[in-house]
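A.B. asks: build me a structure from this.
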Amino acid sequence: MTVDLTTEYLGLTLKNPLVVAASPVTADVGTLQQAEAAGASAAVLPSLFEEQIVHEEVEFNAAFERGAESSPEAMSYFPEPQEYRLGRDVYLDHIREAKRAVSIPVIASLNGTSEGGWIRYATLMEEAGADAIELNIYFIAADVTQTGAQVERQYLDLISAVKESISIPLSAKVGPQFSSPGNMALRMVEAGADGLVLFNRFLQPDVDLDELAVTPRLTLSTSAEMLLPMRWIAILRGQTDASLALTSGVHSGGDLAKALLAGADVAMVASSLLQEGVGHIETILIWLRQWMEAKQYDSVEQLKGSVSQASCSNPKAFERGNYMKALTQPIGDPA
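C.D. replies: The predicted structure is shown next:
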């Protein structure tokens, strides 16, 4: 029995549903080639950050202005603007190098929160050869005077602005912190998102007790974290034609199978590769293929969405009924 692992994501035909998420794995062309050799079907490059772009432009312009105020000779200390290498230029070069190095689709990532001139870099990413763009919206609504409607409008305006600037597919990677995640997902698709990546991991700050300072804290995901995005993908499957990607918590072939059964077109992995190495991609795909053969699934397309809310025999399992069952079940009993 030959199992067809092919899937469609953002209008791209992928050889299988395992995509490498934006991470250090895709920051290096050599590692990216290893990921392709292990079986990865596509890769999302690390994000180019809005703050990075804005800060560099401010510093760059300030340097020239300071030089201009001193003497004409001082300007000779600075390179011509078109020769000045900023992080954004390095990022665009990385897209070009990645496209030359691998044959799988390369998805650029743009991380920001506000609509502004920086979104023109989406166009530059397309020109550099990116097959699609993942808009990673990492926004903490820390302004307590800002309403939920205002926050949602910020997301939608940003998606719309970026989509208008490019002709390649656009996915929106967002967190689950909306009063109605499903409705917001549909509105993001209406705003121009060709796909949704669910969900962004909002990394929490920690406090250093020695330095008495707030510090960043990065922890790798666990398989338990995929339960939240899996639920919402199962709810959305059949209610939108947009591509659906599950990210956060995919560590094994079983996790990948669950993501597909819920309705994901692809699953994105990062933490497991940082822990196990890029060769773990092959292990995941071998397990998926063998499991599909055992369950007599001919293809990923046949498998996809089999237990989504629209397809499963008990749709309430994705709603409150499952919550009640979990809390009344004795600890240690199988679900």
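
A.B. asks: okay, now the unreliable bits of the stretch 51-200 of the chain?
C.D. replies: 52, 54-87, 113, 117 (pLDDT under 70).

A.B. asks: let me see the ranges of the strands in it.
C.D. replies: 106-111, 132-136, 170-174, 195-198 (DSSP state E, counting those that start in this stretch).

A.B. asks: out of those strands, flag the one nearest V44.
C.D. replies: For the strands of the stretch 51-200 of the chain, the distance to V44 is smallest for strand 106-111, at 4.5 Å, taking CB to CB. Glycine gets a C-beta too; all of them are placed from N, C-alpha and C.

A.B. asks: any idea of the angle the closest one forms with strand 170-174?
C.D. replies: If you take axes from the mean of the first three to the mean of the last three CA atoms, to 10 degrees, strand 106-111 sits at 50 degrees to strand 170-174.

A.B. asks: which other residues reach strand 106-111?
C.D. replies: 10, 19, 22, 42-50, 91, 95, 98-99, 119, 121-122, 125, 128-138, 162, 171, 173 (CB atoms under 8 Å, 6 or more residues apart in numbering).

A.B. asks: chain neighbours aside, what residue packs nearest to N111?
C.D. replies: Of all residues not flanking N111 in the chain, S47 sits nearest, at 3.6 Å (CB to CB, 6 or more residues apart in numbering).

A.B. asks: related to what we said a few turns ago, make JSON lines out of the strands of the stretch 51-200 of the chain and add distance to E225 and mean neighbour count.
C.D. replies: Below are the strands of the stretch 51-200 of the chain laid out as JSON lines (distance: least, CB to CB, whole Å; neighbours: other CB atoms under 10 Å):
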{"stretch": "strand 106-111", "distance to E225": "20", "mean neighbour count": "26"}
{"stretch": "strand 132-136", "distance to E225": "17", "mean neighbour count": "26"}
{"stretch": "strand 170-174", "distance to E225": "15", "mean neighbour count": "26"}
{"stretch": "strand 195-198", "distance to E225": "12", "mean neighbour count": "26"}
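
A.B. asks: indicate which one of those strands is closest to Q154.
C.D. replies: Comparing the strands of the stretch 51-200 of the chain by CB to CB, strand 170-174 comes nearest, at 11.4 Å.

A.B. asks: so what strands line up beside that closest one?
C.D. replies: Using DSSP bridges, strand 170-174 pairs in its sheet with strand 132-136 (parallel), strand 195-198 (parallel).

A.B. asks: next secondary structure after the last one?
C.D. replies: Under the assignment DSSP states H and E, the closest C-terminal helix or strand after strand 195-198 is strand 205-208.

A.B. asks: S167 contacts E126, doesn't it?
C.D. replies: Yes - using CB atoms under 8 Å, S167 is in contact with E126, at 6.8 Å.

A.B. asks: what about those two, which has more around it?
C.D. replies: E126 (18 against 8; other CB atoms under 10 Å).

A.B. asks: wait, K15 sits on T6?
C.D. replies: Yes - using CB under 8 Å, K15 is in contact with T6, at 6.2 Å.

A.B. asks: quick revisit: how about TSV for the strands paired with strand 170-174, with distance to A267 added?
C.D. replies: Converted to TSV, those look like this (distance: least, CB to CB, whole Å):
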stretch	distance to A267
strand 132-136	14
strand 195-198	10
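
A.B. asks: closest one to M226 among those?
C.D. replies: Here strand 195-198 is closest among those (CB to CB), at 10.0 Å.

A.B. asks: and the closest one, how far from the chain's centre?
C.D. replies: 7 Å (CA atoms, centre = their mean, to the nearest Å).
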